[in-house]
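K.L.:
any chance you can model this:
(one chain, ligands or ions: 2)
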Amino acid sequence: MEAPKAPAEPSWPGVLRTKEFKEKIKSAKVLCVGAGGIGCELLKTLVCTGFRNIEVIDLDTIETSNLNRQFLFRKHHVGQSKANTAAAVVQGFCPGASITPYHANVKEGRFDVDFFRRFDLVLNGLDNLEARRHVNRLCLAAERPLVESGTAGYLGQVTVHIKGRTECFECSAKPAPKTYPICTLRNTPDKPIHTIVWAKDLLFNRLFGAPDAVSDLDDQAAREGGQPGKQEEGDKEGGEGKEGAAEAGEQSEEARAAAASAAAAAAQAEDPSFFLRRDGEPALEYAARVFGRVYTTDIQRLAEVKELWEKRPPPRALHLDQLLPPAERAALQAALDKAAEAGAGAGASACKLLGLSNASQKWTPGQNAAVLLLATALYHTVRPSEVGSAAFDKDDLLAVEFVTAASNLRSSCYGIPEQSLFDAKGMAGNIIHAIATTNAVVSGLIVTEALKILAGCLGSLRNTFLYEVPVDRRLVVPATAWEPRPSCMVCGKTQLTLRINTKTTPLSGLVGAVIKKRLAVNSPNLMCGGFLYEEGEGLEEDEEAAYAALLPRPLRDLPGGGLGHGAILTVQDQSQHWGVDVIIAHTEDLSPDDAPEGFILEGALPTASAPAPPEQDGGKQQQQEAPSAAAKRKAAAAVAEDAAGVLHITDSDDDDDEQEGKEEEGQQQQQQQQQGAGTSVAAGAAAATANDSRKRPLDEDGDGDGAAAGGGGGGGGGEERGAKRAKAETAPAPAEDKDGCIVIDDDEDD
Ligand SMILES: Nc1ncnc2c1ncn2[C@@H]1O[C@H](COP(=O)(O)OP(=O)(O)OP(=O)(O)O)[C@@H](O)[C@H]1O
Ligand SMILES: [Zn+2]
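P.N.:
Numbering: from 1, shown residues only. Ligands and ions are numbered 1, 2, ... in the order given. Okay, here's the model as predicted:
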């Protein structure tokens, strides 16, 4: 008799019950990148599942604000390395495990392809695109499977990336950096986010940041008279401000012309040294001088540019003496002296000194002025070494106080509603308040997919999405893991086209905005004919100097024939084992609306134009995924199948219309909530900076699956993928327990 054919793959989830597989879990080597909200849950879930060889990388230290959800950390850990602490704590409750921590950036050279090859699985719990893209490239180079994850409030997702079998992380387009028209930020703000971005990116940097930190915003405005500028927010590296994206390109020609005259007027009056504290100048007097310039004279000058105010009221200047009479300013001096005596240092807080203890209560204009003055003076008095190099950090209380007060004062000039410290912090830091349960569910899903990979059950792999209100009655929606996209610039073969003005764009612009930010290249190596430019470890000093000297030169005037129209630039990154060819297309007619970043990169990439806020994308995605009634029935069964061993949240019977109506209503509300929320997941393809509880769902753009606006490159392909996501499969449902949960029978089968 012929022997029955062995199944190509072990059966899922049955394989979980075998002794061999349990041994396999025990000996598997796992790399976790990130020990934050998802990472803490993940480490715990891994050891509870039986994994015993884990290495974890995280560059950060523990903040008080992490403690509400990063449950491995306690108050006494604040300030310590997340990786080291997480490893020690997990080791504490699972002494049999070997947990190796690295308090480091995953982009460091030591985490190279050989490092990645040591692992069976790579699991990401990161919060920014740049690091995610870097890990993706290393996993491809090392041929190691990657399970990616992201959460934002109640939203979350887990995706599986196996070279040659499923999409790589970069097959789907990711969001382009959000842009705000600079003329709006500088001259005509009309939303709280505009004044917050102005306070954070312009005024904060101008007073406390590195000398070049603000030049992007200032120079560009002066040069171009209001061309939209980049605005990247979010995590350490990137993020997104929700309202900005939709605004890029809102400006009419007239508004731009008016902005040009305003910018020219401002540029004329501009003397950067004005904002520096003079020798011997008392800190509070300096702060008052800045106040007078920013909120009195600058506003008065702007109000006089008539063209700007044809369709809106002009701003009203503020006068410090009216807001803060001299007696009150004297009290500020006493508070400042007290802080200096106490050696307040990094913990200095203007609010504490002023008794403003309720972070949810809006301040009066006088209180805003007091906070602004005191925060500025505190920087100079108790944190002087940081002046000239500070960068805004949402976890730095003094920085948040300064930004809140500075933006509120500007808002009151323009009749924009002021914000509480709590809300301003959320907007400045692009915070979506993290939900511990979402992180826990996501970590469970990561481990589920990791187990399937380890077991070789590749046919059972799923990308899974968590929603805030049921989509088709489901909060957890699985989809078959998508195939790689042949045109992907990372795992496939594609050439990109870069439309850029090669006469006026310097090499520094190409390297910074295109190569590093847009392409997420870590250590660029650029070649074209006789032209060569390199960065990274191992360069001699004279080489570094020679390359640095090329940076200010316009592209087409570079040595070796230049980077003019038709040139093919080969971009390589040794640290990522990755490269791509970029065809240069010279163009002089890029409008700020079409190319807010000053260039257009085409190919298998998102375009920079009109990126949609993730919240909106989330909504669109849900709409697009709303399947037909037949698909719904299938989907219910698919959930049952896919949820085996994971979660089962909804029943599949009683298919009544009333319920459907409620769900639709719920979805609409969810979309509205997401679109209208005062906080946002940061976008920022390369930048990104989505800090926070600022969790980013990886598909925040949504355009990779044809759902979102601005998805460049593969429209048709995108739709197909969207359809795939919605596609459900049928299979017999495993038995449920009385709570509707499907549980794995954990009995030994021997
Ligand atoms: N390049 C990187 N290398 C190593 N770790 C990184 C890198 N980028 C981000 N991380 C880590 O990924 C983790 C992401 O976790 P999470 O999103 O919870 O952020 P968080 O900073 O802990 O939270 P919050 O932003 O709300 O304060 C962080 O601990 C962060 O330090
Ligand atoms: Zn790819």
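
K.L.:
which non-adjacent residue is nearest Gly429?
P.N.:
Leaving aside its sequence neighbours, Gly429 sits nearest to Lys394 (C-beta to C-beta, 6 or more residues apart in numbering; 2.8 Å). All C-beta spots, glycine's among them, are computed from the backbone N, C-alpha and C.

K.L.:
thought the one you found was touching Ala424?
P.N.:
No: using C-beta atoms under 8 Å, Lys394 is not in contact with Ala424; the gap is 9.9 Å.

K.L.:
can you pull the residues of this structure lying near ligand 2?
P.N.:
When proximity is defined as C-beta under 5 Å from the ion, the chain approaches ligand 2 at 168, 171, 488, 490-491.

K.L.:
which of the residues you listed sit farthest apart?
P.N.:
Spatially, the most separated pair among these is Cys171 and Val490, at 7.4 Å (C-beta to C-beta).

K.L.:
ok, Asn84 - how many residues close by?
P.N.:
A count of nearby residues for Asn84, using other C-beta atoms under 10 Å, gives 19.

K.L.:
any idea how far the closest residue to it other than its chain neighbours is from ligand 2?
P.N.:
Closest residue to Asn84 apart from its sequence neighbours, by C-beta to C-beta, 6+ apart: Pro101 at 4.7 Å. According to C-beta to the ion, to the nearest Å, Pro101 stands 30 Å off from ligand 2.

K.L.:
one more: Leu373?
P.N.:
In terms of C-beta to the ion, Leu373 sits 52 Å off from ligand 2.

K.L.:
and what of Leu555?
P.N.:
Separation of Leu555 from ligand 2 (C-beta to the ion): 28 Å.

K.L.:
cool, Trp482 as well?
P.N.:
According to C-beta to the ion, Trp482 stands 10 Å off from ligand 2.

K.L.:
which SSE is the nearest residue to that residue once chain neighbours are set aside in?
P.N.:
The shortest distance from Trp482 to any non-neighbouring residue, by C-beta to C-beta, 6+ apart, is to Glu167 (4.6 Å). Assigned by DSSP states H and E, Glu167 belongs to no helix or strand.

K.L.:
wait, doesn't Glu167 sit right on Arg485?
P.N.:
Yes: using C-beta under 8 Å as the test, Glu167 is close enough to Arg485 to be in contact (6.2 Å).

K.L.:
overlap in contacts, the two.
P.N.:
Cys491 (C-beta atoms under 8 Å, 6 or more residues apart in numbering).

K.L.:
so where do the helices sit in the stretch 351-500 of the chain?
P.N.:
365-382, 397-414, 421-428, 436-455 (DSSP state H, counting those that start in this stretch).

K.L.:
so what's the residue nearest to Asn84 up against?
P.N.:
With contacts defined as C-beta under 8 Å, 6+ apart, the neighbours of Pro101 are 35, 55-58, 81, 83-84, 86-88.

K.L.:
cool, and Gln361?
P.N.:
Gln361 touches Ser420, counting by C-beta under 8 Å, 6+ apart.

K.L.:
ramachandran angles for it?
P.N.:
Here is the backbone geometry of Gln361 (degrees, to the nearest 10): phi -100, psi 130.

K.L.:
tell me the spacing between Gln419 and Glu281.
P.N.:
Computed as C-beta to C-beta, to the nearest Å, the Gln419 to Glu281 distance reads 30 Å.

K.L.:
and the chain, what are its domains?
P.N.:
For the chain, automatic domain parsing gives the domain ranges 1-175+431-491+632-659+695-750, 179-231+243-428, 495-602.

K.L.:
and the longest one, how far from the chain's centre?
P.N.:
When you say that, I think you mean domain 1-175+431-491+632-659+695-750. 19 Å (C-alpha atoms, centre = their mean, to the nearest Å).

K.L.:
and for the last one?
P.N.:
Here domain 495-602 is found 24 Å from its chain centre; the criterion is C-alpha atoms, centre = their mean.

K.L.:
and that domain, anywhere near ligand 1?
P.N.:
No: residues of domain 495-602 contacting ligand 1 under C-beta under 6 Å from any ligand atom: none, with a closest distance of 10.1 Å.

K.L.:
in the stretch 301-450 of the chain, where is pLDDT below threshold?
P.N.:
Counting by pLDDT under 70, the stretch 301-450 of the chain contains no low-confidence segment.

K.L.:
count of neighbours near the closest residue to ligand 2 within it?
P.N.:
Closest residue of the stretch 301-450 of the chain to ligand 2, C-beta to the ion: Glu449 (17.7 Å). Neighbour count of Glu449, defined by other C-beta under 10 Å: 26.

K.L.:
ok, now which ones touch it?
P.N.:
147, 158, 160, 461-462, 464.

K.L.:
so of the residues you listed, which ones are in strands?
P.N.:
147, 158, 160, 462, 464 (DSSP state E).

K.L.:
identify the bridge partners of the third one.
P.N.:
Think Val160. Beta-bridge partners for Val160, by DSSP bridges, are Val147.

K.L.:
that one contacts Ser149, correct?
P.N.:
No: assessed by C-beta under 8 Å, Val160 is found out of contact with Ser149, at 10.3 Å.

K.L.:
and these two? which has more neighbours close in?
P.N.:
Neighbours were counted for Val160 and for Ser149 using other C-beta under 10 Å; Ser149 has more, 28 against 24.

K.L.:
and Ala520, how far from Ser27?
P.N.:
From Ala520 to Ser27 the distance is 33 Å (C-beta to C-beta).

K.L.:
more neighbours: which of these two?
P.N.:
Per other C-beta under 10 Å, whichever of Ala520 and Ser27 has more neighbours is Ala520, with 28 against 10.

K.L.:
that one - nearest residue in space that isn't next to it in sequence?
P.N.:
Arg133 is the one closest to Ala520 (C-beta to C-beta, 6+ apart), at 4.0 Å.

K.L.:
list the contacts of stretch 352-360.
P.N.:
With C-beta under 8 Å, 6+ apart as the test, stretch 352-360 has contacts from 335-336, 338-339, 350-351, 363, 367, 370-371, 374, 420-423, 425.

K.L.:
if we check ligand 1, which of those are in contact?
P.N.:
Of the contacts of stretch 352-360, not one also sits near ligand 1 (C-beta under 6 Å from any ligand atom).

K.L.:
now the helices for the stretch 51-200 of the chain?
P.N.:
Under DSSP H, counting those that start in this stretch, the stretch 51-200 of the chain gives helices at 82-93, 113-117, 129-142, 182-186, 192-197.

K.L.:
so for Leu601, which of those sits nearest?
P.N.:
Closest to Leu601 of these, according to C-beta to C-beta: helix 129-142, at 14.6 Å.

K.L.:
where's Val580, which helix or strand?
P.N.:
In the assignment (DSSP H and E), Val580 maps to strand 578-586.

K.L.:
what comes up buried for that strand?
P.N.:
578, 580-586 (16 or more other C-beta atoms under 10 Å).

K.L.:
now swap in stretch 388-408 and tell me
P.N.:
Result for stretch 388-408 [16+ other C-beta under 10 Å]: buried residues 390, 392, 394, 396-408.

K.L.:
quick revisit: distance to Thr480 added to the helices of the stretch 51-200 of the chain, as CSV?
P.N.:
Below are the helices of the stretch 51-200 of the chain laid out as CSV (distance: least, C-beta to C-beta, whole Å):
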stretch, distance to Thr480
helix 82-93, 33
helix 113-117, 26
helix 129-142, 20
helix 182-186, 43
helix 192-197, 38
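
K.L.:
tabulate those helices (TSV), appending mean pLDDT and distance to Trp309.
P.N.:
Below are the helices of the stretch 51-200 of the chain laid out as TSV (pLDDT from 0 to 100; distance: least, C-beta to C-beta, whole Å):
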stretch	mean pLDDT	distance to Trp309
helix 82-93	97	50
helix 113-117	94	57
helix 129-142	92	39
helix 182-186	82	13
helix 192-197	94	16
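
K.L.:
with respect to ligand 1, which of those lies nearest?
P.N.:
Smallest distance to ligand 1 across the helices of the stretch 51-200 of the chain (C-beta to the nearest ligand atom): 3.6 Å, for helix 129-142.

K.L.:
name the helices or strands packed onto the closest one?
P.N.:
helix 113-117, strand 121-124, strand 146-152, strand 578-586 (3 or more C-beta pairs under 8 Å, 6 or more residues apart in numbering; DSSP states H and E).
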